[in-house]
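# build the 3D model from these lines:
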Amino acid sequence: MRFIEPMLLLRTEKPEGPDFQFEIKFDGYRALALKSGAKVQLRSRNDNDFSVRYPGIVKALAPMPDETVIKGEVVALDKDGRPWFNTLQNYGSEGAPLHSYIFDLLILEGRDVMGEPLVNRRELLEEHVLPRVASRSGIPPCWRRNWRT
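Numbering: from 1, shown residues only. A predicted model of the protein is given here:
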């Protein structure tokens, strides 16, 4: 499977109209998970290998469909379940639980879905990926908003 460079956050003007969505930005590491055959690779946004550093996340994502690429965030949680970036940076020396928040589906079973609307990709993610992955993975809430009201 090929590495797909993730889009970075951009500062923009508030969108107009009701046809947009927004999500929480978690304080973690952006990551792509690519599954081909029985192997899952976890890659940073700069294409560095996260698989060895976060083997628990790789294991949690192993049941996802073959030939699939998802985008998300690896996050360490404190005792109250809040993201804690310092703990993630020092992971291994501290025993905080890791969690992967999956927020986009790029390729599903070999089919490139990046050209489809986000609403459709999230539905595919919820239907085909989330039911298969371990409980340490989830999808963040997504809100629709009309800023003029």
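
# going forward, measure contacts and count neighbours with C-alpha atoms only.
Fine.

# who does the lengthiest strand in the chain touch, helix- and strand-wise?
Looking across the chain with DSSP state E, the single longest strand is strand 98-108. Applying 3 or more Cα pairs under 8 Å, 6 or more residues apart in numbering; DSSP states H and E, one finds that strand 98-108 contacts helix 55-61, strand 68-76, helix 118-124, strand 137-138.

# check what contacts it and list those residues.
56-57, 65-77, 88, 112-114, 118, 121-122, 124-125, 136-140 (Cα atoms under 8 Å, 6 or more residues apart in numbering).

# just the buried residues of the residues you listed.
Neighbour counting over those (16 or more other Cα atoms under 10 Å) leaves 56-57, 65-77, 88, 113, 118, 121-122, 124-125, 137-138 as the buried ones.

# so who does the most centrally placed residue in the chain touch?
What sits nearest the mean C-alpha location of the chain, by Cα atoms, centre = their mean, is Gly72, with 1.3 Å. By Cα under 8 Å, 6+ apart, the contact list for Gly72 reads 30-32, 100-104.

# one step back: the helices and strands packed on strand 98-108: lowest mean pLDDT?
Note on the helices and strands packed on strand 98-108: strand 137-138 shows the lowest mean pLDDT, a mean of 62.
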